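Asks: quick one, what's the 3D model for this:
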Amino acid sequence: MAAESTRQVRDEVEAVAALGRTRVVIVGGGINGIATLRDLALQGVDVVLVERHDFASGATAASSHMIHGGIRYLENGEFRLVRESVRERNDLLRTAPHFVRPLRTTIPIYSTLSGLLAAPLRFLTHRSGKPSARGALLIKIGLVFYDFFSRGGREVPRHRFAGRRRTREALPALDRDVRWSATYYDAGVRDPERLAIDVLLDGLAAHGGAHALNYVEAIGLTEAGVRLRDRETGREFDLAADVVVNATGPWADLTNGAFGMPTRLTGGTKGSHIVLDHRELLAATGGREIFFEHADGRIVLVYPIRDRVLVGTTDLEADPAEPAVCTEEEVDYFFGLVKHVFPHVEVDRASIVYRFAGIRPLPRHGDLQPGFVSRDYRVETAEGPGGMPVLTLVGGKWTTFRALGESLADRVLALLGGSRTTSTLGRAIGGGRDFPRDPVAWAARHLPALDVERRAVLFERYGTRAADVAAHLAAGDDVDLLGGAFSTREIGMLARVERVVHLADLVFRRTDLAFAGRAYRPAVEAIGAALAAEFGWDDPRRDREIEDCLALLRAHGAPAEISA
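Replies: Residues are numbered from 1 along each chain as shown. Here you go, the predicted structure:
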C-alpha cells in the first residue's frame with residue numbers, strides 16, 4: 001500500500017490511538033457488537049468498536065437472510081425468545097423497511113397426525129431420536145401459538161391452511177405426496193450486511209465519541225484497557241477503557257484466551273448455504289419461502305431472493321479455530337432436499353453461483369442435539385487485569401440484535417454508573433428513516449436528475465439514503481460501471497462513507513455482487529479500478545486487490561468464468 005493511501009484509509013485508527021482512552025471497548029464487529037455500539041452511542045457513552053476483519057464479515061454474513069420469530073423454538077419451550085423475536089421482527093418491518101420485508105412462508109405437510117407422540121418427547125428431553133415428520137395437526141397447533149405471540153403490534157397476516165387441491169394450484173411443482181400446506185408470514189432481510197452497515201453508521205452519527213475500526217484486532221488486555229494491533233500497518237497501541245465487551249460470537253472463547261482469561265462458553269455449529277441461478281426452481285417456489293422438515297429431521301429452506309434461490313441450511317459441529325466452508329457433501333445434501341419437495345426440478349452444480357458457511361454463536365451444549373441448542377443469549381462477567389470488567393456475550397441471532405444490544409448496553413451502563421436516556425425500539429434505521437408509502441413518487445421528487453431505472457436501483461440499495469447518494473453523484477464527473485448498475489462516484493462514496501478497506505469488502509458486503517454471482521472478472525476489475533482511483537492505490541496494489549478478491553470468489557463457488 002502506498003504511504004498516502006495508508007494515511008487515507010487508516011485515519012480513524014490514528015485518531016483513536018491519539019485519544020488513548022475511551023469508556024467502553026467492544027471487540028467484535030458483527031451485528032451484535034454493532035448494535036451495542038449504536039445503543040451506547042445513543043446514551044452519549046464514549047465507545048470504540050474493533051473488528052479484526054471487515055464489519056459484518058463473520059457469522060453476520062452467513063445468515064439465512066431471515067428475520068423470524070422462530071416458530072420451531074416453541075418446540076424447545078423457548079417462549080421468552082419467541083415472544084422477543086416476534087416483537088423484534090415486527091419492529092424491523094417498521095424501522096428498516098428498505099431491507100426487511102414480509103416473507104410469505106409455506107410448509108409442505110405429508111400427513112395429518114404424524115409427530116404427535118414424538119413432539120412431547122422432544123419438548124421434555126430435547127432429544128430428537130428417530131426423525132418423525134410433523135403432521136398437519138401438530139403444525140396447526142404450533143402456528144396457532146405463533147399467531148398468539150404475534151398478536152401485539154401485528155405486522156403480518158395470520159397463518160392459513162390449504163388442502164391438497166389448493167396447495168397443488170398454488171405450487172404445481174410441489175411433490176404430489178404433499179397432503180396439506182400451511183402458509184404463514186415471517187420476514188426476510190434482502191441484504192443483511194448492508195443493514196448492519198446502516199446500524200453502524202447510525203451509531204457513529206449519534207455521538208462524536210463513538211468510533212469503529214475494521215482490520216484492527218484486540219491482542220490482549222492491559223492493566224488499563226486493551227492492546228490493539230492495526231492489521232494493515234502492523235502498528236500496536238494501548239487503549240484504556242472502563243469496560244471491555246467481548247462480542248466475537250463463536251470466537252468468544254478464543255478471544256478470552258488471547259486476553260489471558262480462558263473460558264469454555266461457546267459451542268457453535270456450522271450452517272452452510274448455496275445460491276442458485278435456476279429459473280425453474282425460482283418459478284417452482286411461487287415467490288415464497290418453502291420451509292420444511294427434511295428426511296433427517298433437519299428444518300431446511302428453499303428461499304427465492306430477487307432472481308436467485310437460496311437453499312440451506314446445515315447444523316454441524318464446528319471448530320471456530322478453523323475456517324467454515326460449504327463442503328461438497330453439504331451441496332449433495334442441499335440437492336437432496338430440493339428433490340424432496342420438488343422431485344421433477346433438476347439441480348446441479350452448474351447452477352451454483354455462490355456458496356457460504358458460518359458458525360452460529362451458540363452456547364456450549366455437550367451432547368445436546370444441535371437443533372435443540374438455545375438460540376437465546378446471555379452475558380457472562382469476569383474481572384480482567386486491575387479489576388476491569390470484561391463482559392462476554394454468549395449466543396444471539398440476527399433477529400434479536402436490537403434487543404440484545406439494548407440488554408448488553410444496560411449491563412455496561414450499570415457498571416459505568418450511568419442510566420438509559422433513550423431506547424432504540426421503534427427508532428428508524430438508516431435508509432428506513434422517513435420511508436415513503438410510494439417509493440416511485442418519492443424517487444421522482446428526490447432523484448429528479450436520474451432516469452427511472454437508476455432511481456429504482458438506488459432506492460432499493462439505500463432506501464431514503466438514496467437522496468444523499470444522488471446529491472453526491474451530481475456533484476462531480478460520474479461514469480457508469482457494470483452497465484449502469486453502479487458508477488464511479490457511487491463506488492467512491494461507498495468506499496469512504498461505509499469504511500471499505502479492501503476491494504473484497506465492497507464486492508462481498510457493500511454490494512450483492514458476490515451473493516448474486518455477478519462478480520465476474522470484468523466487473524471486479526472495473527470496480528477495482530474505481531476504488532484504486534479513490535484511494536490512490538498504485539498499480540501493484542490495485543492488481544493484488546483484484547486477484548485476492550477473485551480468489552475469494554472462487555473459494556465461495558463463484559462461476560468458472562470468474563477467472564476467464
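
Asks: what bridges to residue 102?
Replies: Bridge pairing for residue 102 (DSSP bridges) gives the partners residue 187.

Asks: and it, how many neighbours does it have?
Replies: 16 (other Cβ atoms under 10 Å). Any C-beta I mention is one placed from the backbone N, CA and C, and that applies to glycine too.

Asks: against residue 229, how distant is it?
Replies: The gap separating residue 102 from residue 229 is 44 Å, by Cβ to Cβ, to the nearest Å.

Asks: now residue 547
Replies: 25 Å.

Asks: between the two, who's got more neighbours?
Replies: More crowded of residue 547 and residue 229, by other Cβ under 10 Å: residue 229, with 18 against 14.

Asks: which of the three states applies to the most far-flung residue of the chain relative to its centre?
Replies: The outermost residue of the chain relative to its centre, with distances by Cα atoms, centre = their mean, is residue 165 at 37.1 Å. Assigned with DSSP: H, G, I helix; E, B strand; the rest coil, residue 165 falls in the helix class.

Asks: quick one, what contacts the residue lying closest to residue 285 once chain neighbours are set aside?
Replies: Sequence neighbours aside, residue 304 is the residue nearest to residue 285 in space, at 4.7 Å (criterion: Cβ to Cβ, 6 or more residues apart in numbering). Applying Cβ atoms under 8 Å, 6 or more residues apart in numbering to residue 304 gives the contacts 282, 285, 287, 288, 289, 310.

Asks: can you list which of those are found in strands?
Replies: 289, 310 (DSSP state E).

Asks: so residue 184 sits in a strand?
Replies: Yes - the assignment for residue 184 is a strand, going by three-state DSSP.

Asks: ok, it touching residue 105?
Replies: Yes - shown here, residue 184 and residue 105 form a contact pair, counting by Cβ atoms under 8 Å, at 5.7 Å.

Asks: burial count for residue 466?
Replies: 26.

Asks: for it, which non-adjacent residue is spatially closest?
Replies: Using Cβ to Cβ, 6+ apart, the closest residue to residue 466 is residue 458 (4.1 Å).

Asks: what's the average pLDDT for the host helix or strand of residue 40?
Replies: Taking DSSP states H and E as the definition, one finds residue 40 inside helix 31-42. What helix 31-42 shows for mean pLDDT is 98.

Asks: packing partners for that helix?
Replies: Contact here means 3 or more Cβ pairs under 8 Å, 6 or more residues apart in numbering; DSSP states H and E; on that basis helix 31-42 packs against strand 24-27, strand 47-51, helix 192-206, strand 210-214, helix 401-416.

Asks: on that earlier part again, report pLDDT for the residue nearest to residue 466.
Replies: Predicted confidence (pLDDT) for residue 458: 96.

Asks: now the nearest residue to residue 308 once chain neighbours are set aside: how far from residue 514?
Replies: Of all residues not flanking residue 308 in the chain, residue 275 sits nearest, at 5.2 Å (Cβ to Cβ, 6+ apart). Between residue 275 and residue 514 the distance is 9 Å, computed by Cβ to Cβ.

Asks: intersection of neighbour lists for these two?
Replies: residue 354.

Asks: what are the buried residues along stretch 321-336?
Replies: 324, 326, 330, 331, 333, 334, 335 (16 or more other Cβ atoms under 10 Å).

Asks: wait, the second one touches residue 358, no?
Replies: The one in question is residue 326. No - in terms of Cβ under 8 Å, residue 326 does not count as a neighbour of residue 358; the distance is 9.7 Å.

Asks: now, which of the contacts of residue 304 sits nearest residue 21?
Replies: residue 310 (43.9 Å; Cβ to Cβ).

Asks: for the closest residue to that closest one other than its chain neighbours, phi and psi?
Replies: Closest residue to residue 310 apart from its sequence neighbours, by Cβ to Cβ, 6+ apart: residue 303 at 4.4 Å. Dihedral pair for residue 303: phi -130, psi 110, per degrees, to the nearest 10.

Asks: tell me the contacts of residue 303?
Replies: Residue 303 neighbours (Cβ under 8 Å, 6+ apart): 64, 65, 66, 188, 285, 289, 290, 309, 310, 311, 312.

Asks: how close does it sit to residue 543?
Replies: Distance from residue 303 to residue 543, by Cβ to Cβ: 37 Å.

Asks: from memory residue 43 sits against residue 418, does it?
Replies: Yes - using Cβ under 8 Å, residue 43 is in contact with residue 418, at 6.7 Å.

Asks: out of the two, which sits in the more crowded spot?
Replies: Using other Cβ under 10 Å, the more surrounded residue of residue 43 and residue 418 is residue 43, with 19 against 16.

Asks: which residues does the more buried one contact?
Replies: Contacts of residue 43 (Cβ under 8 Å, 6+ apart): 409, 413, 418, 420, 421, 422.

Asks: excluding its backbone neighbours, what's nearest the last one?
Replies: In this case it means residue 422. Nearest to residue 422 is residue 42, by Cβ to Cβ, 6+ apart, at 5.3 Å.

Asks: list the contacts of that neighbour.
Replies: Residue 42 is in contact with 203, 206, 207, 421, 422, 424, counting by Cβ under 8 Å, 6+ apart.

Asks: can you name the two of the residues you listed that are farthest apart?
Replies: 203 and 421 (14.9 Å).

Asks: out of the two, which sits in the busier spot?
Replies: residue 203 (25 against 9).

Asks: against residue 451, how distant is the residue nearest to that one when sequence neighbours are not counted?
Replies: The shortest distance from residue 203 to any non-neighbouring residue, by Cβ to Cβ, 6+ apart, is to residue 38 (3.2 Å). For residue 38, the distance to residue 451 (Cβ to Cβ) stands at 35 Å.

Asks: and those two? which has more neighbours close in?
Replies: Neighbours per residue (other Cβ under 10 Å) separate residue 38 from residue 451, with residue 38 holding more: 30 against 10.

Asks: isn't that one right up against residue 197?
Replies: No - the criterion here is Cβ under 8 Å, and residue 38 misses it with residue 197 at 11.6 Å.

Asks: so for stretch 290-308, mean pLDDT?
Replies: pLDDT averaged over stretch 290-308 gives 89.

Asks: pull out the buried residues from that stretch.
Replies: So, applying 16+ other Cβ under 10 Å, buried residues of stretch 290-308: 290-294, 297-305, 308.

Asks: hmm, back to that, just say helix, strand or coil for the residue nearest to residue 285.
Replies: strand.

Asks: that one pairs with what?
Replies: residue 309.

Asks: mind checking how far it is from residue 510?
Replies: Taking Cβ to Cβ, one finds residue 304 at 23 Å from residue 510.

Asks: need phi/psi at the closest residue to residue 453 other than its chain neighbours.
Replies: Take residue 453 and drop its neighbours on the chain: the residue closest to it by Cβ to Cβ, 6+ apart is residue 484, 7.3 Å away. Taking degrees, to the nearest 10, you get phi 90, psi 0 for the backbone angles of residue 484.
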